[in-house]
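Chemist: coords please:
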Amino acid sequence: MKLIAPFLLVILASETILGQAQKRKMANNLNHPSFNNYAPFISLDGNSMVYVADLGEDHALTLTYTTRQGVNWKDPVVLPRIVNNRLNFLWGFALSPDGKTLYISNQRSNGMGGFDLYASKLMGANWEEPVNMLLPANSKSNEACPSVALDGSAFYYMRCDQMDAEKAGGCRLLEMRKKPNGQWDNPVELPSHINTGNSQSPRIMGDGEMLIFSSDRLQPNQGGMDLYYTKYRRGEWSKPLPLDFANTPKDDRFVSATSAGMYLLKESPGQHSSELVEFLFPPEVRPKGSLRLDGQLSGPRDLSAAYVTVYNVDDQSKVLVTQPGKDGTFTSYLTYGNRYEVSVEPAQDHFTFFSRAFDLTGENNPMVEKFNVVLLPTTSDVVLDLECIRFEKNSTALAASSNQEVGRLTRLARSNPEKSYAIEVTLFGYMEDSLRSSPDLTETRYDTTKLSVTYQVDSVTTGTRDSLVVRIMYHNDRTLGQAKSLAEALIREGVPPGKLACSGTALKEALPEKRRTEVQVIVH
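Modeler: Next comes the predicted model:
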């Protein structure tokens with residue numbers, strides 16, 4: 001058995017490609033030479049991990065738990081007997097995406113059949129009494145090895161004909177989807193090209209598309225249980241392919257990864273016998289990474305009445321519409337490789353809205369980001385930062401991706417007709433040149449200078465006259481035109497022209513990475 005995972009921590013690295021370690025061991029306080037480690041399950045947020053280690057009496061195998069503290073892992077501890085006993089299917093455990101729920105497979109006398117799935121909540125520093133998940137998850141058969149999608153909307157696990165404390169056979173993979181009322185729908189078996197007779201230990205990646213599992217009934221096979229992956233595209237699961245970079249001639253069953261999607265966590269031969277190692281996903285196999293957004297809303301009396309909306313900027317598709325909890329908290333998940341805008345709009349007309357842009361098309365995207373949202377009463381001198389207003393390149397024209405923000409601003413203006421709105425566009429990165437040396441220099445300025453010129457009237461007399469010298473300067477200050485473009489869009493939506501004022505400012509900025517255009521609206 002072996003494992004792999006993605007993460008930012010203190011490691012011993014070997015063999016690097018493009019600056020990233022192909023293989024890196026977990027920290028020394030986890031991989032102690034006196035102990036063997038197996039089957040690591042890391043939470044999708046990357047902050048908690050459960051694995052099997054021979055830390056019990058007489059080196060008995062037992063469930064071990066650790067959490068991150070900063071960039072380091074805390075020293076591991078053996079989980080308490082309430083969730084860690086001989087009635088467990090040893091390898092059947094899992095963590096929720098946030099690491100706050102531990103799932104185990106256990107054959108307690110109050111179960112529905114053989115081994116049932118149980119869930120234990122982490123309250124403070126203690127794990128609560130495990131609760132049987134009952135129907136529809138459990139049955140008269142044996143259930144184990146769950147894996148929960150990052151957004152909590154799907155639940156994958158295996159149901160097996162045979163199972164004892166250490167092994168299982170005749171297994172098939174199931175999927176449960178969450179219904180609109182928050183309850184789980186009846187489980188559905190994955191297609192027959194995945195369930196070929198003994199498919200085990202499903203692991204859904206953070207992108208919600210890639211599912212890794214193990215099987216000894218698929219080909220090609222390097223020996224015993226091998227790892228395979230399938231992807232959910234256009235409503236179908238693809239034909240499984242082997243994870244060649246992680247498979248060995250021995251059994252390869254239990255792996256996990258964080259939502260960053262960079263490394264696969266797996267057990268691997270080490271100083272003693274088995275240790276925890278991360279293997280870099282090859283680019284052609286790598287799952288898409290995901291960013292978890294944790295928002296905290298404040299302002300209106302009824303926080304849960306607001307609406308949180310996520311749009312994909314590039315195709316203007318709506319990714320999510322939800323409402324905060326009563327405490328104003330909300331969570332959303334954004335997939336790397338895309339640009340998004342997140343907005344929060346109030347139920348009451350006399351409050352402002354919030355919007356923020358997220359560009360996840362680059363490298364080194366964060367895994368988790370927390371931010372505060374404050375919706376203010378629409379009193380005078382309230383300033384709105386409009387991150388989601390964009391202009392066409394080298395132009396004053398509004399980009400089509402600004403449509404959602406224009407709609408939000410229109411609703412605010414219509415709901416508060418007594419107010420006026422000053423649109424201010426600021427360019428950080430002003431440039432000018434006497435030659436059109438860059439496509440960015442779209443604007444023209446004529447500088448006129450008056451000069452006194454002496455001329456010869458006749459052979460004796462001279463005179464003077466004024467002469468105008470015109471100098472052409474090319475520059476990139478389109479700010480006033482951009483402000484007017486936004487105003488025109490609002491007017492087309494029914495906002496009275498007399499309620500709008502426009503201004504623009506251009507400032508120099510030496511550092512290219514700090515050059516940008518900012519749009520603000522001041523409510524008067």
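
Chemist: From here on, just use CA atoms for contacts and neighbour counts.
Modeler: Noted.

Chemist: all helices for the stretch 401-524 of the chain, in order.
Modeler: Under the criterion DSSP state H, counting those that start in this stretch, the stretch 401-524 of the chain contains helices at 403-415, 479-492.

Chemist: would CSV of those with mean pLDDT and mean neighbour count be doable?
Modeler: Output for the helices of the stretch 401-524 of the chain, formatted as CSV (pLDDT from 0 to 100; neighbours: other Cα atoms under 10 Å):
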stretch, mean pLDDT, mean neighbour count
helix 403-415, 96, 18
helix 479-492, 98, 20
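
Chemist: got JSON lines for those, with distance to Gln162 too?
Modeler: As requested, those are exported to JSON lines (distance: least, Cα to Cα, whole Å):
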{"stretch": "helix 403-415", "distance to Gln162": "54"}
{"stretch": "helix 479-492", "distance to Gln162": "66"}
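
Chemist: Show me the one of these that comes nearest Phe428.
Modeler: helix 479-492 (10.4 Å; Cα to Cα).

Chemist: now that closest one against helix 403-415, angle please.
Modeler: Orientation of helix 479-492 against helix 403-415 (axes from the mean of the first three to the mean of the last three Cα atoms, to 10 degrees) gives an angle of 60 degrees.

Chemist: Quick check: which element contains Phe213?
Modeler: Assigned by DSSP states H and E, Phe213 belongs to strand 210-215.

Chemist: Following element in sequence after that strand, please.
Modeler: Elements were assigned by DSSP H and E; along the chain past strand 210-215, the next helix or strand is strand 226-233.

Chemist: Contacts only, for Leu486.
Modeler: Applying Cα atoms under 8 Å, 6 or more residues apart in numbering to Leu486 gives the contacts Leu398, Val406.

Chemist: give the contact list for the spatially most central residue of the chain.
Modeler: Among the residues of the chain, the one closest to the centroid is Leu291, at 1.5 Å (Cα atoms, centre = their mean). By Cα under 8 Å, 6+ apart, the contact set of Leu291 is Ser259, Ala260, Tyr333, Leu334, Thr335, Tyr336, Asn365, Pro366, Met367, Val368, Glu369.

Chemist: which of those residues count as buried?
Modeler: Applying 16 or more other Cα atoms under 10 Å to those, the neighbour count classes Ser259, Ala260, Tyr333, Leu334, Thr335, Tyr336, Asn365, Met367 as buried.

Chemist: which stretch of helix or strand covers the closest residue to the last one other than its chain neighbours?
Modeler: Okay, so that is Met367. Of all residues not flanking Met367 in the chain, Leu291 sits nearest, at 4.7 Å (Cα to Cα, 6 or more residues apart in numbering). Per DSSP H and E, Leu291 falls inside strand 290-298.

Chemist: and the residue nearest to Pro346 when sequence neighbours are not counted, backbone torsions?
Modeler: Counting by Cα to Cα, 6+ apart, Pro346 lies nearest to Ala306, which is 4.5 Å off, once chain neighbours are set aside. Note on Ala306: backbone dihedrals following degrees, to the nearest 10 are phi -70, psi 170.

Chemist: The strand holding Leu291 pairs with which strands, and in what direction?
Modeler: Strand pairing for strand 290-298, determined by DSSP bridges: strand 329-335 (antiparallel), strand 368-374 (parallel).

Chemist: quick check: mean pLDDT across the next helix or strand after the first one?
Modeler: By that I understand strand 329-335. Counting by DSSP H and E, the element after strand 329-335 in chain order, helix or strand, is strand 339-345. Strand 339-345 shows a mean pLDDT of 97 in the predicted model.

Chemist: Same question for stretch 157-167.
Modeler: 97.

Chemist: May I see the buried residues of that stretch?
Modeler: Neighbour count says stretch 157-167 has Tyr157, Met158, Arg159, Cys160, Met163, Asp164, Ala165 buried, by 16+ other Cα under 10 Å.

Chemist: unless I'm mixing things up, the fifth one is touching Asp116, no?
Modeler: Spelled out, it's Met163. No: counting by Cα atoms under 8 Å, Met163 does not reach Asp116; the two are 10.9 Å apart.

Chemist: So for these two, which residues contact both of them?
Modeler: With Cα under 8 Å, 6+ apart, Met163 and Asp116 have common neighbours Asn142.

Chemist: Pull the contacting residues for the residue lying closest to Ala137 once chain neighbours are set aside.
Modeler: Distance criterion Cα to Cα, 6+ apart; nearest residue to Ala137, sequence neighbours excluded, is Pro187 at 6.7 Å. Pro187 sits next to Pro136, Ala137, Leu174, Glu175, Met176, Arg177 when contact means Cα under 8 Å, 6+ apart.

Chemist: Switch the residues you listed over to JSON lines; also include distance to Val285, pLDDT and neighbour count.
Modeler: Shown next, in JSON lines, are the contacts of Pro187 (distance: Cα to Cα, whole Å; pLDDT from 0 to 100; neighbours: other Cα atoms under 10 Å):
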{"residue": "Pro136", "distance to Val285": "33", "pLDDT": "97", "neighbour count": "12"}
{"residue": "Ala137", "distance to Val285": "30", "pLDDT": "98", "neighbour count": "22"}
{"residue": "Leu174", "distance to Val285": "23", "pLDDT": "98", "neighbour count": "21"}
{"residue": "Glu175", "distance to Val285": "22", "pLDDT": "98", "neighbour count": "20"}
{"residue": "Met176", "distance to Val285": "25", "pLDDT": "98", "neighbour count": "20"}
{"residue": "Arg177", "distance to Val285": "25", "pLDDT": "97", "neighbour count": "18"}
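
Chemist: All set now, cheers.
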